[in-house]
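Novice: generate coordinates for the sequence data below:
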Amino acid sequence: MMQDWNTQREALLGRVGEFAKLSPDTVRGIGMMDAAGKNGTLGPKIHELIALAVAVTTRCDGCIAVHTKNAVARGATREEIAEALGVAVALNAGAALTYTARVLDAHDALTNK
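Specialist: Numbers count the residues shown, from 1 in each chain. Got it, this is the predicted structure:
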């Protein structure tokens, strides 16, 4: 059964918002870790493709939902996403291969494929 990635992402962001009210310093600290993207050398699309590869290797459904949306919004194609996922598979073998299906499901939910 395919997951409803859009609903999952929105529910996750809502719960993270609730957590942010309870622990604002923690969430602010996570936001500060995005400093790697401030250099601008690789560009936002490449950062999202890297984030997707990492999301697959760490088996993070929330990360997959958020970073797939971000990658698509930054112009990543299905083929570019697949190439990034190929790197994850090469580094994480079978576990990553299983999670690539989740990213493709999330992409298709966003683009109505």
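
Novice: confidence score at K38?
Specialist: For K38, the pLDDT comes out at 67.

Novice: what's the answer for D34, then?
Specialist: D34 is given a pLDDT of 69.

Novice: element containing the residue minimising distance to the centre of the chain?
Specialist: The centroid of the chain falls nearest to H67 when counting by C-alpha atoms, centre = their mean (2.5 Å). Assigned by DSSP states H and E, H67 falls within helix 61-73.

Novice: ditto for G29
Specialist: Going by DSSP H and E, G29 is part of helix 24-32.

Novice: buried residues in the helix holding H67?
Specialist: Across helix 61-73, burial judged by 16 or more other C-beta atoms under 10 Å covers D61, C63, I64, A65, V66, H67, T68, K69, N70, A71, V72. C-beta coordinates here come from the backbone N, C-alpha and C atoms, glycine included.

Novice: just list what that helix packs against, helices and strands only.
Specialist: Under the contact criterion of 3 or more C-beta pairs under 8 Å, 6 or more residues apart in numbering; DSSP states H and E, helix 61-73 touches helix 5-22, helix 44-58, helix 78-111.

Novice: show me what contacts A84?
Specialist: L49, I50, L52, A53 (C-beta atoms under 8 Å, 6 or more residues apart in numbering).

Novice: which among those residues count as buried?
Specialist: Among the contacts of A84, the ones that count as buried (16+ other C-beta under 10 Å) are L49, I50, L52, A53.

Novice: quick one: the third one and S23, what's the gap?
Specialist: Read that as L52. Distance, L52 to S23, using C-beta to C-beta, to the nearest Å: 27 Å.

Novice: with V87 instead?
Specialist: For V87, the distance to S23 - C-beta to C-beta - is 33 Å.

Novice: who has more neighbours, these two?
Specialist: Per other C-beta atoms under 10 Å, whichever of V87 and S23 has more neighbours is V87, with 16 against 10.

Novice: would you confirm that that one contacts V54?
Specialist: No - here V87 lies out of contact with V54, judged by C-beta atoms under 8 Å, at a distance of 10.1 Å.
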